[in-house]
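> Next come a sequence and a model predicted from it.
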Amino acid sequence: SAVISQKPSRDICQRGTSLTIQCQVDSQVTMMFWYRQQPGQSLTLIATANQGSEATYESGFVIDKFPISRPNLTFSTLTVSNMSPEDSSIYLCSVEGPSYEQYFGPGTRLTVT
Amino acid sequence: KNQVEQSPQSLIILEGKNCTLQCNYTVSPFSNLRWYKQDTGRGPVSLTIMTFSENTKSNGRYTATLDADTKQSSLHITASQLSDSASYICVVSSPALNTGTASKLTFGTGTRLQVTL
């Protein structure tokens, strides 16, 4: 199994500012995933981050709003830019194991005021 | 459209009782079906994962079933404990389209279970 940590665990931010969320995995993985979970909703995939290439974004998500870095095989960051209250969500990173099981980080709870 | 529907939306049971959560899906092609437990404020944790050929899988007091013909799955919790209070999410996976790409996951909206004294 993979152990995933995220920083920060939670934050309260003012609208118009940006927040960068860090995701660290205890093993090398090819693909890392970023999800958003809005209040009372299930998870929605934002993008897939491969090391050494541009992230692949899902429909409805754009790089200008959610820039992602993937500098090595154990680390990734997601930035939520120019935040509005609608961005208040839990943001989770995850990785896929060798048997296609998905491991999730503890999440970052973001509140935008 | 690929969808995963779960029922009930929420459930309250007494400690020690059993319960069954349902998951119906229309996802195609199908690779596997997963059940996750998500505690409040935490990331989802995998309970079971079943492929097309498996129709039951257990993990302690959790037993998942899969009927790939009717595209239905259930998660049965035996002798519930207070710590079982959480959201339970059914996730259906489709195979990766190409080598080097990820499998496609379709998430249900979850069943929120509350176990009380």
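Perfect, thanks for sending it. Values in this document were obtained by computation on a predicted structure and should not be read as measured data.

> measure the residue of chain A found nearest chain B to A:L43 for me?
Proximity of chain A to chain B (C-beta to the nearest C-beta) peaks at A:F104, 3.5 Å away. In short, each C-beta sits where N, CA and C put it, glycine included. Distance from A:F104 to A:L43, counting by C-beta to C-beta, to the nearest Å: 8 Å.

> and if you look at B:K71?
21 Å.

> And A:Q24, by the same measure?
Per C-beta to C-beta, A:Q24 is found 20 Å from A:L43.

> what's the answer for B:H76, then?
Taking C-beta to C-beta, one finds B:H76 at 23 Å from A:L43.

> Report the contact partners of B:L97.
Contact partners of B:L97, counting by C-beta atoms under 8 Å, 6 or more residues apart in numbering or on different chains, are B:K104.

> related to what we said a few turns ago, and B:K71 and A:L43? which has more neighbours close in?
Ranked by neighbour count (other C-beta atoms under 10 Å in any protein chain shown), B:K71 and A:L43 place A:L43 first, with 27 against 17.

> unless I'm mixing things up, that one is touching A:W34, no?
No. Using C-beta atoms under 8 Å, A:L43 is not in contact with A:W34; the gap is 10.3 Å.

> Name the residues of stretch A:70-79 that come out as buried.
Judged by neighbour count (16 or more other C-beta atoms under 10 Å in any protein chain shown), stretch A:70-79 contains these buried residues: A:70, A:73-78.

> Between which two of these is the distance greatest?
Farthest pair in the buried residues of stretch A:70-79 (C-beta to C-beta) is A:L73 and A:L78. Separation: 16.7 Å.
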